[in-house]
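[1] Generate coordinates for the sequence data below:
(chains A and B)
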Number of protein chains: 2
Amino acid sequence: MANSWETAAFSEAEKEAVYRALLTRRDIRHFRPDPVPEEVLERLYQAFHAAPSVGLTQPWAIVEIRERATKEKVFASYQKARARERALFEGKERQVYDRLRLEGLLEAPLHLAVFQRPVARSLGHHTMPETLAYSVVLAVGNLWIAARAEGIGVGWVSLLHPEEVERLLGAPPGYRLLAYLCLGYPRAWPEEPLLQRAGWRPGGPLLRYQERFP
Amino acid sequence: MANSWETAAFSEAEKEAVYRALLTRRDIRHFRPDPVPEEVLERLYQAFHAAPSVGLTQPWAIVEIRERATKEKVFASYQKARARERALFEGKERQVYDRLRLEGLLEAPLHLAVFQRPVARSLGHHTMPETLAYSVVLAVGNLWIAARAEGIGVGWVSLLHPEEVERLLGAPPGYRLLAYLCLGYPRAWPEEPLLQRAGWRPGGPLLRYQERFP
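    Below is the predicted model:
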């Protein structure tokens, strides 16, 4: 392989940095008010947009939200969804649930509403059309890891009714809310996942089989 | 923030390494036969398993495939899917399609069939149940980026009929093929995405809006 930035092998120090970003990335729910600098955001977008996409479709679009009024509407949608989910739990589980912080919508200086958009037919997505959505998820993952390296926290808020957010943001037909992200400098960088620390559930081992399922 | 591996800020050199992994990751389709060393695979799994998952569900499982006979059966499934997709294209598009290498199934020393598995009810996935599948995609993304740092190529083969692969590998009820990956040392590290180089389509700019869709 040629010895260029694109193709050269990674040094031990470079590998270590990549693993540090992957293993210490967290879902952040407590933010400081300082804005995300524009030049940092541009780098995060570079990482986002470099994600692999099936058939090179790049089937994504982003809406940036900074206005308080919009954040409050999204927060109201979250509160409804949370109240409904809460009703699924009882006893000790509900007690833990009630203590959990599941978003940082009103604190975060920047929200990114990430959409899957309609794209012209390409290749590779006909037997598994869900790979179009998965391409957008890979882009979110890229941004999340770059953000860790930049010291920017990202929180993925999944307790939302997507149609409500789509309506609120004026999504064109065929545009589907795929992920709703809060971004900002975190108040602290948790050493372990918050749900683990809060006693919601411990993580388990990786399930790994040889050749076929047993 | 405390000055630990988990929480400290990234140096400029560390940031650069992370961006290099994110921006030079490729979808690889030409592999050398050398096996992926077990200690490298363990590190890739550590990255995979450290992915964020909704409600800390870790809704994934992996089947490793090294046997030639299984690889050939998956390749046969791919060939059928490709022939059917080919019929969708005409003229110049079909000519380009016919020249494209879309997988490295018979060359790659290791295949990973990544499954979404059923999990006990947790939190965060009731209004957007697709976030369970998306968690598995984030894990695949983590492994893909760690693999770049390790010099291991990953190719995601999406031209498969998932039910065929599920049957072939004896997937238990509720287990769904989410991604089928080829792993190995690449014959070369492409400087740009293969579909771009092959003239399938150029990439476009990132679509980015302020506050709401125009």
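[2] how much space between the residue nearest the centre of chain A and A:P37?
    Central residue of chain A (Cα atoms, centre = their mean): A:W156, 4.4 Å from the mean position. Counting by Cβ to Cβ, to the nearest Å, the separation of A:W156 from A:P37 is 22 Å. Heads up, the C-betas are built off the backbone N, CA and C, glycines and all.
[3] What of A:G91?
    From A:G91 to A:P37 the distance is 46 Å (Cβ to Cβ).
[4] How about A:F10?
    A:F10 is 27 Å from A:P37, by Cβ to Cβ.
[5] so where's chain A uncertain?
    A:1-3 (pLDDT under 70).
[6] Repeat the analysis, applying 90 as the threshold.
    Residues of chain A meeting the criterion pLDDT under 90: A:1-7, A:120-126, A:190-203.
[7] Identify, by residue count, the longest strand of it.
    strand A:176-184 (DSSP state E).
[8] Pull up the pairing partners for that strand, direction included.
    Strand A:176-184 sits in its sheet next to strand A:110-116 (antiparallel), strand A:153-156 (antiparallel), going by DSSP bridges.
[9] Quote the end-to-end distance of stretch A:115-127.
    22 Å (Cα to Cα, to the nearest Å).
[10] In it, which residues are buried?
    The neighbour-count check on stretch A:115-127 (16 or more other Cβ atoms under 10 Å in any protein chain shown) flags A:115-117, A:119, A:122-127 as buried.
[11] go on, stretch A:207-214?
    Here stretch A:207-214 shows A:209, A:213 as buried, counting by 16+ other Cβ under 10 Å.
[12] Quick check: A:L110 vs B:R94, distance?
    44 Å.
[13] quick one: which of the two has more around it?
    Between A:L110 and B:R94, counted using other Cβ atoms under 10 Å in any protein chain shown, the more crowded position is A:L110 (17 against 13).
[14] For the spatially closest residue to A:L169 that is not a sequence neighbour, grab phi and psi.
    Nearest residue to A:L169, sequence neighbours excluded (Cβ to Cβ, 6 or more residues apart in numbering or on different chains): B:R212, at 4.6 Å. Dihedral angles of B:R212 (phi, psi; degrees, to the nearest 10) stand at phi -160, psi 170.
[15] cool, and A:E150?
    Torsion angles, degrees, to the nearest 10, at A:E150: phi -80, psi 0.
[16] Can you show me the helices along chain A?
    A:12-24, A:38-49, A:68-86, A:91-99, A:130-150, A:162-168, A:194-197 (DSSP state H).
[17] Would you format those helices as a markdown table with distance to B:L138 included?
    Below are these laid out as a markdown table (distance: least, Cβ to Cβ, whole Å):
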| stretch | distance to B:L138 |
| --- | --- |
| helix A:12-24 | 11 |
| helix A:38-49 | 13 |
| helix A:68-86 | 21 |
| helix A:91-99 | 23 |
| helix A:130-150 | 5 |
| helix A:162-168 | 18 |
| helix A:194-197 | 15 |
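[18] Among the ones you listed, pick out the one with the most neighbours on average.
    Among these, helix A:130-150 has the highest mean neighbour count (mean count of other Cβ atoms under 10 Å in any protein chain shown), at a mean of 25.
[19] That helix and chain B, are they touching?
    Yes: Helix A:130-150 comes into contact with chain B (Cβ under 8 Å from any Cβ of the partner chain), by way of A:130-131, A:133-134, A:137-138, A:140-142, A:144-146, A:148-150.
[20] Just want the angle from that helix to strand B:176-184.
    60 degrees (axes from the mean of the first three to the mean of the last three Cα atoms, to 10 degrees).
[21] With just CA atoms, put helix A:130-150 into PDB.
    What follows is helix A:130-150, C-alpha atoms only, in PDB (Å, rounded to 0.1, in the frame of the first residue of the first chain):
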ATOM      1  CA  GLU A 130     -33.800  -1.300   5.300                       C
ATOM      2  CA  THR A 131     -30.100  -0.700   4.400                       C
ATOM      3  CA  LEU A 132     -31.100   2.800   3.300                       C
ATOM      4  CA  ALA A 133     -32.100   3.600   6.800                       C
ATOM      5  CA  TYR A 134     -29.100   1.700   8.200                       C
ATOM      6  CA  SER A 135     -26.800   4.000   6.000                       C
ATOM      7  CA  VAL A 136     -28.200   7.000   7.900                       C
ATOM      8  CA  VAL A 137     -27.500   5.300  11.200                       C
ATOM      9  CA  LEU A 138     -23.900   4.700  10.200                       C
ATOM     10  CA  ALA A 139     -23.600   8.400   9.500                       C
ATOM     11  CA  VAL A 140     -25.000   9.200  13.000                       C
ATOM     12  CA  GLY A 141     -22.500   6.800  14.500                       C
ATOM     13  CA  ASN A 142     -19.600   8.500  12.600                       C
ATOM     14  CA  LEU A 143     -20.700  11.900  14.000                       C
ATOM     15  CA  TRP A 144     -21.100  10.500  17.500                       C
ATOM     16  CA  ILE A 145     -17.500   9.100  17.500                       C
ATOM     17  CA  ALA A 146     -16.000  12.300  16.000                       C
ATOM     18  CA  ALA A 147     -17.900  14.300  18.600                       C
ATOM     19  CA  ARG A 148     -16.300  12.200  21.400                       C
ATOM     20  CA  ALA A 149     -12.900  13.200  20.100                       C
ATOM     21  CA  GLU A 150     -13.900  16.800  19.900                       C
END
